[in-house]
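Novice: I need the structure of the sequence given here:
(4 chains)
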There are 2 protein chains.
Amino acid sequence: MSETIEKEPSAAEAGAAAAKTLGKRERTKASNKEAILDAAREVFAEVGYGAASVRDIIRRTGLASGTFYNYFKSKEEVFEALMDDGALRIRPVIRAARLASRTFEEFIRNAYKAYFNYVLTDEAQFRLMRRNTGALRVRMVTPEVLAGFDEIQSFVEEDVKSGKVPPMDAELFAAAAVGLAQEMSERMMMRDNPNADEAAEFAANFLLAGLKGVIDRGNAQNNA
Amino acid sequence: MSETIEKEPSAAEAGAAAAKTLGKRERTKASNKEAILDAAREVFAEVGYGAASVRDIIRRTGLASGTFYNYFKSKEEVFEALMDDGALRIRPVIRAARLASRTFEEFIRNAYKAYFNYVLTDEAQFRLMRRNTGALRVRMVTPEVLAGFDEIQSFVEEDVKSGKVPPMDAELFAAAAVGLAQEMSERMMMRDNPNADEAAEFAANFLLAGLKGVIDRGNAQNNA
DNA sequence: CTCAAAAATTGACGGTGCGTCACGAAATGA
DNA sequence: TCATTTCGTGACGCACCGTCAATTTTTGAG
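Specialist: Residues are numbered from 1 along each chain as shown, chains lettered A, B, ... in the order given. A predicted model of the protein is given here:
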């Protein structure tokens, strides 16, 4: 917890391009963690979660087996970290969409667009997912992403409170939004020429119309 | 591969209530498999997939460890069998809904109703699922169930062909239907007083309105 | 620059669970 | 009754897991 300000070491030496002025400790720690995450991503993508071993992962980093456990408690934990790591990149975008959007519709369109594009962009995560499909599936919509989508629920709840929208089951609606994202993104990814914007538009149209339908039909049983 | 017709054994003996006239071989094989499946369901539900061991499972049956492998190839296989076993109970209902329904709307309503009720009914499957939520999640919508929902895609495709509905991306639409089922059923199950019919109605209204919305908005880019 | 304390790395080790296999028991049907 | 076939058994070898004491590296103060 030393909050002491670092003094430039022997200066120069040029050395690594690491612009950050950090102790060597901190630097190798960060790079090791990154290396382990990268290796894990590869291995999980290649052989699947079940077949992957901690040793397989650590071997690729050149580190010793015991070192793995300085960074992660178990195979499961590194896997979850991997998922969250991916999610962390999309989460702010969804949050930004939330803050920037005055309309619910605007928010939905932006959020889906961001999400679908992210899914397509992240090549490693893509392969990771492809490899892990079965009875035990990877949660592409991780808790982190979920939290992002939960903004949907709160948005709906606000609109309900302000009377813009009749009382309805906001939780189920948010679940629908998440389910759409999960399943549609998965199918989209499997295609030859995936088009994120198109899929996002489809999803958004679907969701917004669905909302309207639910309201019109009067699924207004609120349980609050 | 003996296709020989079974001759009544020593008849009578009354014996087990097993009405079926089967050789003892077949009978114990069936009951063993059932016992293993039951034990596996319990164990997975109690400690989760990761922590469950094949020995934990087989121990509850009183059988020897090696015997497990006469019935299943691995832990993963028995898990999948468990999932399919559950799905097998709902699949015919969805299929029946498909055959009995002349309207797409009718089909959707029946299918969702059947699915949500199934999810709530199957206590063991319920607990199994509750226990297995995380980055690695259980596929409540198993491949078997998926096949049932794929009827949705074919139904839509038919309607497209017959001109009832403008050309659209039936695959993405079906994905949406599946995603709804997966995520909404999960949330529903976590509630204190789950109401399957209500949730099913919500989902059906949502899906049908969504379909309309997608059509109106002209997400008509077909890729066939 | 030196050196002792702190922190991180290492790899060998004990333990656990997996899947196989040779053997014995049970069922089949001639 | 008996040979054949099928199934159950549990010990065995193997691979992986997570730990830990010893070792190396880094740190910061003198």
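Novice: once you drop chain neighbours, what's closest to A:Arg60?
Specialist: The spatially closest residue to A:Arg60, leaving aside those adjacent along the chain, is A:Ala39, at 4.0 Å (C-beta to C-beta, 6 or more residues apart in numbering or on different chains). Using the backbone N, CA and C atoms, a C-beta is placed for each residue, glycine as well.
Novice: from DNA strand D, how far off is the one you found?
Specialist: 13 Å (C-beta to the nearest atom of the strand, to the nearest Å).
Novice: repeat that for A:Asp216.
Specialist: On the measure of C-beta to the nearest atom of the strand, A:Asp216 and DNA strand D end up 52 Å apart.
Novice: same thing with A:Gly23?
Specialist: Distance from A:Gly23 to DNA strand D, by C-beta to the nearest atom of the strand: 3 Å.
Novice: next one: A:Tyr118
Specialist: Look at A:Tyr118 and DNA strand D: by C-beta to the nearest atom of the strand, they are 29 Å apart.
Novice: and if you look at A:Arg41?
Specialist: 16 Å.
Novice: and if you look at A:Ser101?
Specialist: Distance, A:Ser101 to DNA strand D, by C-beta to the nearest atom of the strand: 43 Å.
Novice: number of nearby residues for that residue?
Specialist: A:Ser101 has 17 neighbours, counted by other C-beta atoms under 10 Å in any protein chain shown.
Novice: and the residue nearest the centre of chain A, what element?
Specialist: Centrality entry for chain A: nearest residue to the mean C-alpha point is A:Ala87, 1.8 Å, by C-alpha atoms, centre = their mean. Following DSSP states H and E, one finds A:Ala87 within helix A:75-100.
Novice: what helices and strands are in contact with that helix?
Specialist: With contacts defined as 3 or more C-beta pairs under 8 Å, 6 or more residues apart in numbering or on different chains; DSSP states H and E, the secondary structure elements packing on helix A:75-100 are helix A:24-51, helix A:54-61, helix A:104-121, helix A:143-161.
Novice: so what's the closest residue to A:Asn117 other than its chain neighbours up against?
Specialist: Taking C-beta to C-beta, 6+ apart as the measure, A:Asn117 lies nearest to A:Ala196, with 4.4 Å between them; neighbours along the chain are not counted. The contact partners of A:Ala196, taken as C-beta atoms under 8 Å, 6 or more residues apart in numbering or on different chains, are A:113, A:116-117, A:119-120, A:188.
Novice: so A:Ala209 touches B:Asn205, yeah?
Specialist: No. Using C-beta atoms under 8 Å as the test, A:Ala209 is too far from B:Asn205 to be in contact (10.8 Å).
Novice: where does pLDDT dip in chain A?
Specialist: Regions of chain A meeting the criterion pLDDT under 70 cover residues A:1-21, A:86, A:123, A:125-149, A:218-224.
Novice: find the closest residue to DNA strand C in it.
Specialist: Nearest residue of chain A to DNA strand C (C-beta to the nearest atom of the strand) works out as A:Gly66 at 1.8 Å.
Novice: related to what we said a few turns ago, and the residue nearest to A:Arg60, what does it touch?
Specialist: Contact analysis of A:Ala39 by C-beta under 8 Å, 6+ apart lists A:57-58, A:60-61.
Novice: can we see that at 6 Å?
Specialist: Under the criterion of C-beta atoms under 6 Å, 6 or more residues apart in numbering or on different chains, the neighbours of A:Ala39 are A:57, A:60-61.
Novice: near DNA strand C too, which of those?
Specialist: With C-beta under 7 Å from any atom of the strand as the criterion, the contacts of A:Ala39 include none near DNA strand C.
Novice: between those residues, which is nearest DNA strand D?
Specialist: Lowest distance from DNA strand D to the contacts of A:Ala39 (C-beta to the nearest atom of the strand) belongs to A:Ile57, with 7.9 Å.
Novice: so the closest one touches A:Val43, yeah?
Specialist: Yes. Taking contacts as C-beta atoms under 6 Å, A:Ile57 lies within contact range of A:Val43: 5.1 Å.
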